[in-house]
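**Q** mind folding the following:
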Amino acid sequence: MANLTGRRRAEYVQDLFSRIAHRYDLMNRVMTAGQDIAWRQEVIRRAALPPGGRLLDLGAGTGDLAREATAQFPGCRAVAADFTMQMMLVGRSRPGARRLDWLSADALQLSFPPGTFDAVVSGFLLRNVIDLPLVLQEHYRVMKSGGRIVCLDTTRPSRNFLSPLINFHLHFVIPTLGELLTGERGAYAYLPESTEKFLGAEELAARMVAAGFQGVGFLRLMFGTVAIHWGERP
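**A** So this is what the prediction gives:
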């Protein structure tokens, strides 16, 4: 299904996340052995919000990043935006949800005026979008000068002596866990497929530079299968 393009891909992704919404956070904890909690903390730390700053968590899902922002920066205003209503409904039942502004949004065409946010962050969004350059342009447009972009996502790992183990984890362990915990093996077969077809860390950094961001950098995690990227709007 990772071969789908355009609106068919968008509809597939939306349906997929609707089906797994009720166990999405649990699967993240299990798949990463709980490491994703620390990754999200690092994303928000790198967002470096000013006092009273505004943050957009784009592709927010259940709002983990937005809630982390209100924990690290209690005076901030965090918007959790996603195009999958079921994910947000699950998120709105979680502790701390009332401190967030929840919004249905399409990452390709955001409704915010230019220069709205001090930071735009995302967790596992970019590999799912159907037009990455346009999404990065929208990040740039709604961000203030000096604002920060920080993205957590899977990344195509380079081949090394761990590749057989990584492939086994991606193509067998994760789909099997997905089937056991959510009953949706197909949804978690999509994860390794979309990871392998997504950009490498260096390529995504280059796309961010092309979109106009400066000071772009990245940190690889989990044997090179996950990365945090960051940059700043001049």
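**Q** quick one: mean pLDDT over whichever helix or strand Lys144 is part of.
**A** In the assignment (DSSP states H and E), Lys144 maps to strand 143-154. Strand 143-154 carries an average pLDDT of 97.
**Q** count of neighbours near Glu193?
**A** Look at Glu193: counted by other C-beta atoms under 10 Å, it has 14 neighbours. The way it works is simple: take the backbone N, C-alpha and C, and place the C-beta from them, glycine included.
**Q** other SSEs contacting the host helix or strand of Ser122?
**A** Here Ser122, judged by DSSP H and E, is contained in strand 117-123. In this structure, strand 117-123 packs against helix 35-47, strand 54-58, helix 64-72, strand 143-154, with contacts taken as 3 or more C-beta pairs under 8 Å, 6 or more residues apart in numbering; DSSP states H and E.
**Q** can you tell which of those is closest to Ala97?
**A** For Ala97, the closest of those is helix 64-72, at 7.4 Å, according to C-beta to C-beta.
**Q** give me the angle between the closest one and helix 35-47.
**A** Relative orientation of helix 64-72 versus helix 35-47 (axes from the mean of the first three to the mean of the last three C-alpha atoms, to 10 degrees): 60 degrees.
**Q** give me the contact list for helix 64-72.
**A** 25, 40-41, 43-45, 47, 49, 55, 57, 60, 76, 78-80, 91, 94, 96-97, 99-100, 121-123, 152 (C-beta atoms under 8 Å, 6 or more residues apart in numbering).
**Q** could you give the mean pLDDT of that helix?
**A** Mean predicted confidence for helix 64-72 is 97.
**Q** any idea how far the following helix or strand past that helix is from the chain center?
**A** Note on helix 64-72: by DSSP H and E, the next helix or strand toward the C-terminus is strand 77-82. Offset of strand 77-82 from its chain centre (C-alpha atoms, centre = their mean, to the nearest Å): 13 Å.
**Q** show me the longest helix that occurs in the protein.
**A** Longest helix in the chain by number of residues, with DSSP state H as the criterion: helix 6-20.
**Q** quick one: buried residues of stretch 169-180?
**A** His169, Leu170, Ile174, Pro175, Leu177, Gly178 (16 or more other C-beta atoms under 10 Å).
**Q** what does stretch 200-220 give?
**A** Ala201, Leu204, Ala205, Arg207, Met208, Ala211, Phe213, Val216, Phe218.
**Q** just the closest of those residues to Gly146, please.
**A** Closest approach between the buried residues of stretch 200-220 and Gly146, by C-beta to C-beta: Phe213, at 11.7 Å.
**Q** okay, now the unreliable bits of the protein?
**A** Where the chain drops to pLDDT under 70, the residues are 1-7, 161-162.
**Q** mind listing what the residue positioned nearest the centre of the chain touches?
**A** Geometric centre of the chain, nearest residue: Gly123, 1.9 Å, by C-alpha atoms, centre = their mean. By C-beta under 8 Å, 6+ apart, the contact list for Gly123 reads Arg40, Val43, Asp57, Gly59, Ala60, Gly61, Asp64, Leu65, Leu152, Asp153.
**Q** let's go with 6 Å and repeat that
**A** Gly123 makes contact with Leu65, Leu152, according to C-beta atoms under 6 Å, 6 or more residues apart in numbering.
**Q** got the buried residues for stretch 9-24?
**A** Arg9, Ala10, Val13, Gln14, Leu16, Phe17, Arg19, Ile20, Ala21, Arg23, Tyr24.
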